[in-house]
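sequence plus the predicted model coming up.
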Amino acid sequence: MKIAKIKIHYSLVFLLILSLFTGSFFKIFSIIICICLHELSHYLFLKLFKVKVHKLELSIIGGILDIEEVDLPLIKKLIINASGICSNILIIIFLKHLNIVSLNYLVSYNFCIIVFNLIPIIPLDGFRILNDLLLSIYDDDYTFLLIKRIDIFCLIMLLIILLLLRIYGLFLIWCFLLYKYFKYNIDDKKLKKLMYLLKK
């Protein structure tokens, strides 16, 4: 079985280097393992449904899989996109069963991954799940406009929540999401291409 090319985003490298100076390397590394398990779940179902994976990019918000264009039924697309979240649920159950106090931060982190990934913002799983559902109801053009408005609305609401709760540590992740939004919205063709790939 051919393994996809793995690319490490500079944001993840920066976080690892920072963790060496703050004495939190083990915690950050174990969190990265959880991220990898999340992406491995996506990868396994993609392989199960015979979808070729070209590249996996790991970053501070998780991973982004670059896959080939294939036509899949809605249920298979939902399974692929929800598999990562399901893996985090299984990790939480496993950690709860171990009942090791020093690993409680991983339980909290995996819970945060689940909640965070359900937000419909590019390139999170919530965006892909919502996009698949909308495409099964509306035409491409209306879905494109709707998902674009939902995306920017969620970005604004997330920023407000982070500021109100003073969770400044997650501001870097918000900036990364904003960067991804603008990367796909420099012109509408790029986002439409993404929508087309997700539809297939």
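Ah, there it is. All values derive from a computational prediction rather than experimental measurement.

so where is this structure shaky, pLDDT-wise?
1-4, 60-61, 185-200 (pLDDT under 70).

repeat the analysis, applying 80 as the threshold.
For the chain, the stretches flagged by pLDDT under 80 are 1-6, 9-12, 59-64, 66, 69-70, 168-170, 172, 180, 183-200.

residue ranges for the helices of it, please.
Taking DSSP state H as the criterion, the chain contains helices spanning 10-22, 25-48, 74-98, 104-117, 125-135, 140-164, 171-184, 188-199.

against Ser30, how distant is Ser83?
Applying C-beta to C-beta, to the nearest Å, the value for Ser83 to Ser30 is 21 Å. Quick note: C-beta positions are derived from backbone N, CA and C, even for glycine.

tally of neighbours for Cys112?
Close neighbours of Cys112, defined as other C-beta atoms under 10 Å, add up to 13.

which residues does it contact?
If you count contacts by C-beta atoms under 8 Å, 6 or more residues apart in numbering, Cys112 has none.

who are the contact partners of the residue nearest the centre of the chain?
Taking C-alpha atoms, centre = their mean, the centroid of the chain lies closest to Leu124, which sits 3.6 Å from it. Residues in contact with Leu124, defined by C-beta under 8 Å, 6+ apart, are 61-62, 116-118, 177.

for Pro73, same thing?
Contacts of Pro73 (C-beta under 8 Å, 6+ apart): none.

please tell me how far it sits from Phe49.
Pro73 is 9 Å from Phe49, where distance means C-beta to C-beta.

circling back: rebuild the helices of the chain as a markdown table, extending it with distance to Asp66.
Converted to a markdown table, the helices of the chain look like this (distance: least, C-beta to C-beta, whole Å):
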| stretch | distance to Asp66 |
| --- | --- |
| helix 10-22 | 17 |
| helix 25-48 | 11 |
| helix 74-98 | 14 |
| helix 104-117 | 18 |
| helix 125-135 | 13 |
| helix 140-164 | 20 |
| helix 171-184 | 13 |
| helix 188-199 | 9 |
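
and those, which is most packed in?
Burial of the helices of the chain is given as mean neighbour count (mean count of other C-beta atoms under 10 Å); helix 125-135 ranks first at a mean of 21.

check which helices and strands it sits against.
Here helix 125-135 touches helix 74-98, helix 140-164, helix 188-199, going by 3 or more C-beta pairs under 8 Å, 6 or more residues apart in numbering; DSSP states H and E.

return the distance of the second one from the chain's centre.
Taking the mean of its C-alpha atoms, helix 140-164 sits 16 Å from the chain's own mean (C-alpha atoms, centre = their mean, to the nearest Å).

so that helix versus helix 171-184, what angle?
Put simply, helix 140-164 runs at 160 degrees to helix 171-184, going by axes from the mean of the first three to the mean of the last three C-alpha atoms, to 10 degrees.
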